[in-house]
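J.: Quick one: sequence and predicted model below, then my questions.
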Amino acid sequence: MKLFGTMKTNSEGVLEIGGKSVYELKKEFGTPLYIMDEAYIRETCKLFADNFKSSVLSTEVIYASKAFLNVAMAKLISEEGLSMDVVSGGEIYTAIKAGFPMERVYFHGNNKTRAELELAIEHGLGTIVLDHRQEIDTLEAMLKEKGKTQSVLLRVNPGIDAHTHDYIKTSKLDSKFGESIYDEDIYALTKKLSESDAFDFKGFHCHIGSQIFEEKSFIQAALAMVDFAVDVKEKTGVTVEALNLGGGFGVYYTEEDDPMELGAFLKHLVSNVESKLSEVGLPSLKIMIEPGRSMVSNAGTTLYEIGGTKETYGGKDYIFIDGGMTDNPRPALYSAKYEGAIANKMNEKSTRTYTVAGKCCESGDIIIKDIELPEAVPGDLLAVSTTGAYTYSMSSNYNRNGRPAVVFVKDGSARLAVKRETLEDLVRNDVL
Ligand SMILES: Cc1ncc(COP(=O)(O)O)c(C=O)c1O
Ligand SMILES: N[C@@H](CCCC[NH3+])C(=O)O
């Protein structure tokens, strides 16, 4: 298992994160447990801020909170001076509860409800990223009724078919997100946005997909967006002030993944946009990015207790853990792969090939297939690394399992960010 951030093996051969051994964490918070390496998240925030900048363009790093969000995380992002993207009333409400500066919030989504739009308007949410024509009409009517003007971007689809899992591609021509830049109506739509009193039209947004490794796909999309801004200027006279280039930067989960070196990539992205703008003679504009996964994934580890092992007649040897697809649906959903280790036997040799199975009533509840580990016994602790993104945020109560607690660890101490769900929590909304 590759170690990230402050992860290390201590002198007893036990995994430590943020200066806390997994034994201490287990004792204090129980398992399963989401452990977030706070120093590493902050370091990554700084890496983005330090490298996605320009002497001629204004820049903004917007954390895509869908990857991992709770009040503690929203506070961290606010402290690091970054902005945040949200896609639901729940994410907006979390930002409000955290006292997040609402002018730094971007609201996305292909089907924002009226109630969500109301919440956004009422709390002075900075920018709404419009998805399609009907939504434009709905929001315009709402704003006119209130006599308000709202900053908006329009999500467009530059048709870049990036190489990733089908479920997380977002920019194909038939994608459910955004309007296509190849649709001739896009110019009339842009003109309408720029002329409406209800909107302060800033520009366009695109996002080509998630867990993408090719620098060229991002650069291609960014340059296509600049070309589109030129087109818009020529055809409508509207000056684009901002381009939000989305997120999607791929991360390491296993040796099969070869992520871009983020600092260098971000510098290339900015310099490519700078040169393109001067080549096409567009005035400087603001560029934004929206990293989610690459901000938090490698900073998260899930800790489980091994309840038992089973050697099957069919030849497969299982390790049973006290969590599974409820705290991490990604293997079942996308065949996602993870690395893991027996966290109290970090220095022991691997002697067995195991399949790590969760406790849900599903044969597909497998967290890791065919992993080489030392002999496991009940009571051992299994760490699964790189689980910071799209695990807690996609967790469920399937089989009425409670969601694990989330802790932030840093400099030898751990603070609870989200409490473990209790049995009482599981029936809280049931009408008795
Ligand atoms: C609009 C938008 N922005 C940002 C992201 C963040 O993507 P990632 O977590 O891959 O960086 C997503 C998710 O794919 C998205 O849909
Ligand atoms: N949930 C997906 C990513 C979706 C990205 C958001 N549009 C994953 O775990 O890989």
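T.: On my side now, so go ahead. Residues are numbered from 1 along each chain as shown. Ligands and ions are numbered 1, 2, ... in the order given.
J.: Spell out which parts of the stretch 201-350 of the chain neighbour ligand 2.
T.: Proximity of the stretch 201-350 of the chain to ligand 2 (CB under 6 Å from any ligand atom) is limited to residues 210-211, 330, 334. In this view, the C-beta of every residue, glycine as well, is placed from N, C-alpha and C.
J.: and those, which two are the farthest apart?
T.: Using CB to CB, the two most remote members of those are 210 and 330, lying 11.4 Å apart.
J.: So if I had to pick from those two, which one is more boxed in?
T.: For residue 210 and residue 330, the more surrounded residue by other CB atoms under 10 Å is residue 210, and the numbers stand at 27 against 18.
J.: What's the separation between that one and residue 249?
T.: Counting by CB to CB, to the nearest Å, the gap between residue 210 and residue 249 amounts to 9 Å.
J.: what do those two both touch?
T.: residue 293 (CB atoms under 8 Å, 6 or more residues apart in numbering).
J.: from the residues of the stretch 201-350 of the chain next to ligand 2, which are also near ligand 1?
T.: Contacts with ligand 1 are made by 210-211 out of those, judged by CB under 6 Å from any ligand atom.
J.: Could you tell me which of the residues of the stretch 201-350 of the chain next to ligand 2 belong to strands?
T.: Counting by DSSP state E, those place none of their members in strands.
J.: want to try JSON lines for the residues of the stretch 201-350 of the chain next to ligand 2, with distance to residue 262 and pLDDT as columns?
T.: Shown next, in JSON lines, are these (distance: CB to CB, whole Å; pLDDT from 0 to 100):
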{"residue": "210", "distance to residue 262": "15", "pLDDT": "94"}
{"residue": "211", "distance to residue 262": "14", "pLDDT": "96"}
{"residue": "330", "distance to residue 262": "21", "pLDDT": "98"}
{"residue": "334", "distance to residue 262": "22", "pLDDT": "95"}
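J.: Now go through the residues of the stretch 201-350 of the chain next to ligand 2 and say which are in helices.
T.: Taking DSSP state H as the definition of helices, these contribute 330, 334.
J.: Closest to ligand 2 out of the residues of the stretch 201-350 of the chain next to ligand 2?
T.: residue 210 (4.0 Å; CB to the nearest ligand atom).
J.: now that closest one: how far from residue 378?
T.: For residue 210, the distance to residue 378 - CB to CB - is 37 Å.
J.: what's the answer for residue 51, then?
T.: Distance from residue 51 to residue 378, by CB to CB: 46 Å.
J.: So which of these two has more stuff around it?
T.: Remark: of residue 51 and residue 378, residue 51 carries more neighbours, 18 against 11, as counted by other CB under 10 Å.
J.: contacting residues around the more buried one?
T.: Residue 51 sits in contact with 262-263, 266-267, 270, where contact means CB under 8 Å, 6+ apart.
J.: Near residue 226, how many other residues are there?
T.: When neighbours are counted by other CB under 10 Å, residue 226 comes out with 21.
J.: Also residue 266?
T.: Per other CB under 10 Å, the neighbour tally for residue 266 reads 24.
J.: so it makes contact with residue 49?
T.: No: with contact defined as CB atoms under 8 Å, residue 266 does not count as touching residue 49 (9.8 Å).
J.: from the chain's centre, how far out does the top strand by length along the chain sit?
T.: Scanning the chain for the strand with the most residues, using DSSP E, yields strand 300-311. Distance, stretch centre to chain centre, for strand 300-311: 25 Å (CA atoms, centre = their mean, to the nearest Å).
J.: per-residue confidence averaged over the helix or strand following that strand?
T.: The helix or strand immediately downstream of strand 300-311 is strand 317-321, counting by DSSP states H and E. The average pLDDT for strand 317-321 rounds to 98.
J.: Run the angle between strand 317-321 and strand 300-311 for me.
T.: 130 degrees (axes from the mean of the first three to the mean of the last three CA atoms, to 10 degrees).
J.: partners of strand 317-321, with directions?
T.: strand 300-311 (antiparallel), strand 352-357 (parallel) (DSSP bridges).
J.: which stretches of the chain have low pLDDT?
T.: 162-173 (pLDDT under 70).
J.: Sketch out the helices for it, chain order is fine.
T.: 22-29, 38-51, 71-79, 89-97, 114-122, 133-146, 185-195, 215-236, 262-280, 293-296, 330-334, 423-427.
J.: follow-up on the earlier one: ranking the contacts of residue 51 by neighbours, who comes first?
T.: Most surrounded of the contacts of residue 51: other CB under 10 Å gives residue 266, at 24 neighbours.
J.: ok, now which ones touch it?
T.: 48, 51-52, 289.
J.: Quick check: closest non-adjacent residue to residue 77.
T.: residue 63 (4.8 Å; CB to CB, 6 or more residues apart in numbering).
J.: ok, now which ones touch the one you found?
T.: Counting by CB under 8 Å, 6+ apart, residue 63 has contacts 45, 77, 82-85, 290-292, 295.
J.: So which of the residues you listed sit within strands?
T.: 83-85.
J.: Would you check how far apart the residue nearest to residue 77 and residue 126 are?
T.: 14 Å.
J.: cool, residue 80 as well?
T.: Residue 80 sits 17 Å away from residue 126, going by CB to CB.
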